[in-house]
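Chemist: generate coordinates for the sequence data below:
(one chain, ligands or ions: 1)
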Amino acid sequence: MNSPGRWLLRLFTHAIRRYLVGAEQRWVFEQPPQGWVPPRVERTSLYLHVPFCRHFCPYCPYTKVPYRESLVEPYTRAALAEVDWWANAIGPAKITSVYIGGGTPTLALDSVARVLRRVRERFRLTGDDGSPADICIETNPADVNEETVQRLHDMGVALVSLGVESFQPGNLAAIGRDYQPIVAERALALLAESNFASVNADIMFALPHQTAADVTADLARAVQLGADQLTTYPLFTFPYTTVGQYLRLAAVRMPNLHMRQAHYRAINRWCMEHGYERVSVWGFKRGAVPRYSSVTRDGYIGIGPGAGSHLPDGFVLNSFDLDSWMSATCHGRGAVALRMPFAGEMSGWWWLYWRFYDTRIPLDNLAMTLGSDADKARGWLKVVERAGFAARRDGQLELTESGAFWLHLAQNYFALNYVNTLWTQARQAPWPQAITI
Ligand code: SF4
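Modeler: Predicted structure coming up:
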C-alpha cells in the first residue's frame, strides 16, 4: 500500500478504536511510575521467552540474540529471578497454561527445565478442572532427536509445535531457512510418534513464487507425517527485519492480495476436506486433541527479554535488551520497561478481539466481559453478521471463510502498524520513555 493509502487507513482505524473503546483509553506505552507493582492475580498463564538462535531468519521479527553457550547460565539466573519477582508481586496465582517460545527454546532445554521447576514452586500450575496445566513449546527441526523428546516429556510438555514452514527446498531457500526438508520431515515424524497430546506443524503461505498447490502439498505432507494441528501463516514483512532487503537481493516479489486470498481459500478447503476444523484465524486441528495456541489467553505474565504481560489493568512490556533485562531481574527490580493501563472497557474489547481470532464469539458472555459497552459490541457483531462475515451457530457467532480471510488481513495490518511500531521503538533503547501506537 502506498503512503497516502496507509495514512488514510491509519486515520480510519484510529477513529474506529476511539469510537469503540472510548476517548479515555490512551494508546501510549510509558515507563511505569516509580514504585509501581503489578496487581494481585488469581488466575493467569505464563509465557517464557528463550531468546537464542543459531541462525537468523531474515523475516523474523522476534527478540533474539546469537546463541552462545556462555549466555545460557546468566539468562537462566535472570529468568529464575524474574519468576520470583512476579510471584512476589502477584501472589501464588493459578497458572493454567505455559507457552515456551523464542528464539529457539530447544537450544536451552536444561534452562527451560529449571525455570519450569521454579514456576511449579512459586505458583499453582494446574488446569481449571484440576488436570495438569498445558505446557506448550516451540521446537526447531534441527534440534529434534530422541534425547530432546525425552527431555520434553521429563519436564511435562504436552503440546509441541515444529517450525516446518515448508517441505520444499526452493521455498525454504526463499525465506532463508537453513535446513533441508528431510530434516523437518524426520523431526515431525519423530514428534508424532512420541506420545505428545498434540503435535502442531507451522506452515507458511504467501511466499514469493509459491503456488496454492505448493501450500496444500505442504499441508498433506505434514499430515502424512503425523501432525494433528496445522498453523498456517503468511510471510509478515516487518520493516525492521532484513526480509525486504533479502527479497530484493533475490529479485523476487511478494504475492499480491489476489494470490494471498487464493492461498487462504486453498488452505481452508483442503483442511475442511481432510477432517480438520478451523480453531483460529490461522489454525486447524483434527479430532479431540487439546488446542495448541500461543496468544489467545485472557491474561498472562511474560518471562524473558521483550516478553509482554497482559494484566487485569493493562499491558506491560519487558526491556528488549538482553543485558538490561538480565541486570534488572538479577537486582530484584523486575524488568518491566513500558506499561499501557486500560481505561473504560478496554479489557473487554481486548477479549472480543481474541474471540474474533478464535473465529468463534460466545454471545452469552458479552454483558459480563464488556459491561457498559456490551450493546455497542452487539451492534458491531450484527454488522459483521449482515455482511456475511459470520453466522450464528449454537449460541456463538462463527466467522465464515471470507470473514476469517478479512480478519487475517486485518491482523496483518494490526501487526504492521501496532506491533511493528511498538517493537521497533522498544528495541531502540533498553528503557524507552514512551511509545505511542
Ligand atoms: S524464525 Fe525462529 S529460528 Fe528463525 S530467527 Fe526467528 S526465532 Fe530464530
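Chemist: contacts only, for the nearest residue to Gly102 once chain neighbours are set aside.
Modeler: Once its chain neighbours are removed from consideration, Gly102 has its nearest residue in Val50; the separation is 4.2 Å (C-beta to C-beta, 6 or more residues apart in numbering). Quick note: C-beta positions are derived from backbone N, CA and C, even for glycine. With contact taken as C-beta atoms under 8 Å, 6 or more residues apart in numbering, Val50 is in contact with 75, 100-105, 107-108, 111-112, 304.
Chemist: what do you get if the cut-off is 10 Å, keeping everything else the same?
Modeler: The neighbours of Val50, taking C-beta atoms under 10 Å, 6 or more residues apart in numbering as the test, are 64, 67, 72, 75-76, 79, 100-109, 111-112, 115, 137-138, 303-305.
Chemist: next, work out how far apart it and Gln34 are.
Modeler: Spatial separation of Val50 from Gln34 under the definition C-beta to C-beta, to the nearest Å is 31 Å.
Chemist: from the contacts of Val50, keep the buried residues only.
Modeler: With neighbours counted by 16 or more other C-beta atoms under 10 Å, the contacts of Val50 contain buried members at 64, 67, 72, 75-76, 79, 100-109, 111-112, 115, 137-138, 303-305.
Chemist: below-threshold pLDDT in the stretch 251-400 of the chain: ranges please.
Modeler: 251-255, 294-297 (pLDDT under 70).
Chemist: please name the nearest non-neighbouring residue to the residue of it found nearest the ligand.
Modeler: Using C-beta to the nearest ligand atom, the point where the stretch 251-400 of the chain gets nearest to the ligand is Gly306, with a distance of 11.5 Å. Distances taken as C-beta to C-beta, 6+ apart put Thr63 closest to Gly306, at 3.4 Å, once the chain neighbours are dropped.
Chemist: surely the one you found forms part of a strand?
Modeler: No: read with DSSP: H, G, I helix; E, B strand; the rest coil, Thr63 is coil and lies in no strand.
Chemist: how about the top helix by length along the chain: buried residues?
Modeler: Residue-count comparison of every helix in the chain, with assignments taken from DSSP state H, identifies helix 69-90 as the longest. Across helix 69-90, burial judged by 16+ other C-beta under 10 Å covers 71-72, 75-76, 78-87, 89-90.
Chemist: stretch 382-402 now?
Modeler: Taking 16+ other C-beta under 10 Å as the basis for neighbour counts, the residues of stretch 382-402 that come out buried are 384-385, 389-390, 396-400, 402.
Chemist: same deal with stretch 112-121?
Modeler: Counting neighbours by 16+ other C-beta under 10 Å, the buried set in stretch 112-121 is 112-116, 118-120.
Chemist: up against the ligand, what does this structure have?
Modeler: Near the ligand, the residues belonging to the chain are 53, 56-57, 60, 62, 64, 102-104, 140 when assessed by C-beta under 6 Å from any ligand atom.
Chemist: in strands only, show me the contacts of Val50.
Modeler: Counting by DSSP state E, those place 100-102, 137-138, 303 in strands.
Chemist: sort the residues you listed by pLDDT and name the bottom one.
Modeler: Comparing pLDDT over the ones in strands among the contacts of Val50, Gly102 scores lowest. The value there is 92.
Chemist: so what's that residue up against?
Modeler: For Gly102, the residues meeting the contact criterion (C-beta under 10 Å, 6+ apart) are 48-53, 62-64, 108, 112, 137-138, 140, 163, 304.
Chemist: and the residue of the stretch 151-300 of the chain nearest the ligand?
Modeler: Here the stretch 151-300 of the chain gets closest to the ligand at one residue, Gly163, 6.0 Å apart by C-beta to the nearest ligand atom.
Chemist: find me the pLDDT at that residue, would you?
Modeler: The score at Gly163 is 95. That number is its pLDDT.
Chemist: what helix or strand is it on?
Modeler: Gly163 belongs to strand 159-165 when assigned by DSSP states H and E.
Chemist: let's see that strand as PDB, backbone CA atoms only.
Modeler: Once non-C-alpha atoms are left out, strand 159-165 reads as follows in PDB (Å, rounded to 0.1, in the frame of the first residue of the first chain):
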ATOM      1  CA  LEU A 159       1.900 -29.900  23.200                       C
ATOM      2  CA  VAL A 160       4.700 -29.400  20.800                       C
ATOM      3  CA  SER A 161       5.000 -27.300  17.700                       C
ATOM      4  CA  LEU A 162       7.500 -27.700  14.900                       C
ATOM      5  CA  GLY A 163       8.600 -24.800  12.800                       C
ATOM      6  CA  VAL A 164       8.500 -26.600   9.500                       C
ATOM      7  CA  GLU A 165       7.500 -23.600   7.300                       C
END
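Chemist: the closest residue to Gly275 other than its chain neighbours - how many residues pack around it?
Modeler: Using C-beta to C-beta, 6+ apart and skipping the chain neighbours, the partner closest in space to Gly275 is Arg286 (5.4 Å). With neighbours defined by other C-beta atoms under 10 Å, the count for Arg286 comes to 16.
Chemist: what is the nearest of the buried residues of helix 69-90 to Glu30?
Modeler: Minimum distance to Glu30 across those is 18.9 Å, recorded for Ala89 (C-beta to C-beta).
Chemist: in contact with the closest one, which residues?
Modeler: Taking C-beta under 10 Å, 6+ apart as the definition, contacts of Ala89 comprise 36-41, 301, 311, 334, 336.
Chemist: sheet partners, orientation included, of the strand holding Gly163?
Modeler: Strand pairing for strand 159-165, determined by DSSP bridges: strand 134-139 (parallel), strand 198-205 (parallel).
Chemist: got a markdown table for the ones you listed, with distance to Leu230 too?
Modeler: Formatted as a markdown table, the entries for the strands paired with strand 159-165 read as follows, by distance: least, C-beta to C-beta, whole Å:
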| stretch | distance to Leu230 |
| --- | --- |
| strand 134-139 | 15 |
| strand 198-205 | 6 |
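Chemist: winner for burial among those strands?
Modeler: strand 198-205 (a mean of 25; mean count of other C-beta atoms under 10 Å).
Chemist: next helix or strand past it?
Modeler: Elements were assigned by DSSP H and E; along the chain past strand 198-205, the next helix or strand is helix 212-224.
Chemist: any buried residues in that following helix, and which?
Modeler: Using 16+ other C-beta under 10 Å, the residues of helix 212-224 that count as buried are 212, 214-216, 218-219, 221-223.
Chemist: from the residues you listed, which two are the most distant?
Modeler: Spanning the widest gap among the buried residues of helix 212-224 are Ala212 and Val223, at 16.7 Å by C-beta to C-beta.
Chemist: next up, the contacts around the closest residue to Gly163 other than its chain neighbours.
Modeler: Ranked by C-beta to C-beta, 6+ apart and with sequence neighbours excluded, the top spatial neighbour of Gly163 is Asp202, at 5.0 Å. Going by C-beta under 10 Å, 6+ apart, Asp202 touches 138, 161-166, 222, 227, 229-233, 282-283.
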